[in-house]
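> No sequence on hand, only this structure:
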């Protein structure tokens, strides 16, 4: 059995020692051989006795000075030995509990307080361990003396200045301090917390703090040096301005949130505030769909004009499996684009229980959320909107934009994202415009139908790529990887989940938008179009749910509001606004185009105002005019046959022959290229043409050709009429 070194060294401290034992100790001033030691003992008259036990011989009682040397040598030997193996089981402090206190300190302490408490606890433990040999007082004095001479074990010697926690790190230990540490480690409670140094009471908030924070907490994010410079101008005379170091210490003591208040807005500061991480492990597929629109980061070919543009892509994602169940691409994020993406999602993955979206106009409108005939009501979907300016709550769908569309856009030469090299971006931009101007199209741009196929391929690739938010599985090659969204969906199906499918015959009816219209003499009026059916004559004066196709305005479906029964299909009869009916989508495009033109006109007026302003402020040298002379021209002195010069006469364009026009487009192009030959009839025709649907269909092409209708033409015509 192994005997601890503590017990062994305790047994070595005896009242009597043999000469061989004393010689082996090699004490200072004493011989190192047994014979010489015996001579010293006999000469100095040490008290001896016959040695008990096997071997016999004599043992001597050393004097007090020699016993002190023996005790010190034993203590030094213990100090230089392994402290963990030699730590005694103290009655007041259990060693295991002590270790736990060191490893898991109180969370209220700062780092420097923990370091000091660790150092003090190590010294106290060493003193308690040595006190079993020569007593507490002798152990303290030995540790103090060895620490002053730098003779402690290196790991213990290094913590002495840390334990002092004083500005002068070379200061030695003192007897009073160690006794105080020993007293603090007695009793119940946390020894670690009691050994930690106490922090000084805070001096309070400085008088200049509020003035400094009013300057520092600005959204312009001024530097602290600038704030210190301006602080002297705003402080009252009684308050002494702080130095840069004092202000910096005060700012650093503040929490990160408080420090950035005012410098960050309510939306930006959310990026450093705590958040709720939502768990989706307990969800089944199709329980929650989330959707969002994304402006594509690359240019493609416009389906109508052939010009470069960036389409708006709406993606619908299943929250449980991260599978992209539906998507749609359009000219802008609108109700119809969202509806098309939702239709695609319901056909692919089934009808969801919750549709979680933002507060955009494409999601928050009567067509989606109306309680009587909105899509959500008819499909049985609970529409949930996130809080305004809280995109973090929909981080799943926000991340998909980068994973699918930004990643895919970077593979195209027309990528226009922030990470694209500015020089390469400008070069591609100019090339596409140059190609269209010279050849009518550019090979760098994806055609619309090619873009649709490309986008579907991106969706398929994403659904079959491992997703880091899904559980891990062991692949066929033995490696572990995450599930793909498609695999997660199939796994749920294999576990018994069934989706809510839509029958093919119900798709058109469920996703057909409806409006409440009044029946008057067999007619219903929808989007300025009139629809008629004989079967409606008995419903005069009643209201009905009228369903319509966003792509076909030739007919509508009229249903009873109370029962939902189909009354009839009413067909287009007459339209006072246009001979041919306009679909809802065409009217929406028409309104969007008018809004775009209005923005262009405002921008054009601003540019012209800037130009006129620059002419007004431009420096012009003054000219000395000759003296004014008033001449009286007599009519009889003027030759009537002589051609008189006209001061501000314009050059007259020679008359050209007006060609015949087969279409309104040809006539408009000719008139806009020959503005000097407008007649009153032409002006009246132009004023009527530019408000018709045909003009808005061709407006993008007219803008490209530089003959789009502007306010200057309208003002010119109106000014001519006034004259």
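Nice, I can see it. Not measured: the values here are computed from a predicted model.

> any idea how far stretch 400-409 is from the chain center?
Centroid displacement of stretch 400-409 relative to its chain, using C-alpha atoms, centre = their mean, to the nearest Å, is 16 Å.

> oh sorry, the question was meant for stretch 415-427
Using C-alpha atoms, centre = their mean, the offset of stretch 415-427 from its chain centre is 23 Å.

> Please apply the same query to stretch 28-47.
In terms of C-alpha atoms, centre = their mean, the centre of stretch 28-47 is found 84 Å from the chain centre.

> Can you tell me what sits against that stretch?
By C-beta atoms under 8 Å, 6 or more residues apart in numbering, the residues outside stretch 28-47 that reach it are 19, 20, 22, 23, 26, 48, 60, 61, 62, 63, 66, 69. Heads up, the C-betas are built off the backbone N, CA and C, glycines and all.

> Now which of the residues you listed would you call buried?
Buried residues within the contacts of stretch 28-47, defined by neighbour count using 16 or more other C-beta atoms under 10 Å: 19, 22, 23, 48, 60, 62, 66.

> so what does the helix or strand hosting the second one touch, helix or strand wise?
Element membership of residue 22 [criterion: DSSP states H and E] is helix 19-25. Under the contact criterion of 3 or more C-beta pairs under 8 Å, 6 or more residues apart in numbering; DSSP states H and E, the helices and strands touching helix 19-25 comprise helix 34-44, strand 58-61, helix 64-79.

> rerun at 7 Å
If you count contacts as 3 or more C-beta pairs under 7 Å, 6 or more residues apart in numbering; DSSP states H and E, helix 19-25 packs onto helix 34-44.

> average model confidence for the helix it packs on?
For helix 34-44, mean pLDDT is 81.

> Could you do stretch 364-372 as well?
65.

> same thing with stretch 531-540?
The pLDDT scores in stretch 531-540 average 88.

> what distance separates the start and the end of that stretch?
This stretch, stretch 531-540, spans 14 Å end to end (C-alpha to C-alpha, to the nearest Å).

> now swap in stretch 322-339 and tell me
20 Å.

> starting at the chain centroid, how far to it?
Distance of stretch 322-339 from the chain centroid (C-alpha atoms, centre = their mean) equals 23 Å.

> before we move on, the earlier item: TSV for the buried ones among the contacts of stretch 28-47, including distance to residue 439?
Output for those, formatted as TSV (distance: C-beta to C-beta, whole Å):
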residue	distance to residue 439
19	116
22	111
23	110
48	123
60	118
62	114
66	112
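
> Farthest-apart pair in those, please.
The largest separation in those, counting by C-beta to C-beta, is between 23 and 48 at 15.4 Å.

> ok, which stretches of the stretch 151-300 of the chain are helices?
Per DSSP state H, counting those that start in this stretch, the stretch 151-300 of the chain carries helices over the ranges 154-157, 160-164, 175-184, 191-195, 209-216, 224-234, 244-253, 256-260.

> just so I know, which of those helices lies nearest residue 402?
Here helix 256-260 is closest among those (C-beta to C-beta), at 25.8 Å.

> got the contact list for the helix holding residue 22?
With C-beta atoms under 7 Å, 6 or more residues apart in numbering as the test, helix 19-25 has contacts from 30, 31, 32, 33, 34, 37, 38, 41, 70, 73.

> cool, stretch 695-714 as well?
Contacts for stretch 695-714 (C-beta under 7 Å, 6+ apart): 305, 307, 590, 593, 597, 601, 604, 665, 669, 672-673, 689-690.

> nearest to residue 471, of those?
Distances from residue 471 to those, taken by C-beta to C-beta, are shortest for residue 307, at 46.3 Å.

> got JSON lines for the contacts of stretch 28-47, with pLDDT and distance to residue 473 too?
Output for the contacts of stretch 28-47, formatted as JSON lines (pLDDT from 0 to 100; distance: C-beta to C-beta, whole Å):
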{"residue": "19", "pLDDT": "82", "distance to residue 473": "79"}
{"residue": "20", "pLDDT": "80", "distance to residue 473": "74"}
{"residue": "22", "pLDDT": "81", "distance to residue 473": "75"}
{"residue": "23", "pLDDT": "80", "distance to residue 473": "75"}
{"residue": "26", "pLDDT": "79", "distance to residue 473": "71"}
{"residue": "48", "pLDDT": "78", "distance to residue 473": "84"}
{"residue": "60", "pLDDT": "80", "distance to residue 473": "81"}
{"residue": "61", "pLDDT": "79", "distance to residue 473": "80"}
{"residue": "62", "pLDDT": "82", "distance to residue 473": "78"}
{"residue": "63", "pLDDT": "83", "distance to residue 473": "81"}
{"residue": "66", "pLDDT": "80", "distance to residue 473": "77"}
{"residue": "69", "pLDDT": "75", "distance to residue 473": "73"}
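
> what's the most distant pair in these?
With C-beta to C-beta as the measure, no two of the contacts of stretch 28-47 lie farther apart than 26 and 48, at 21.2 Å.
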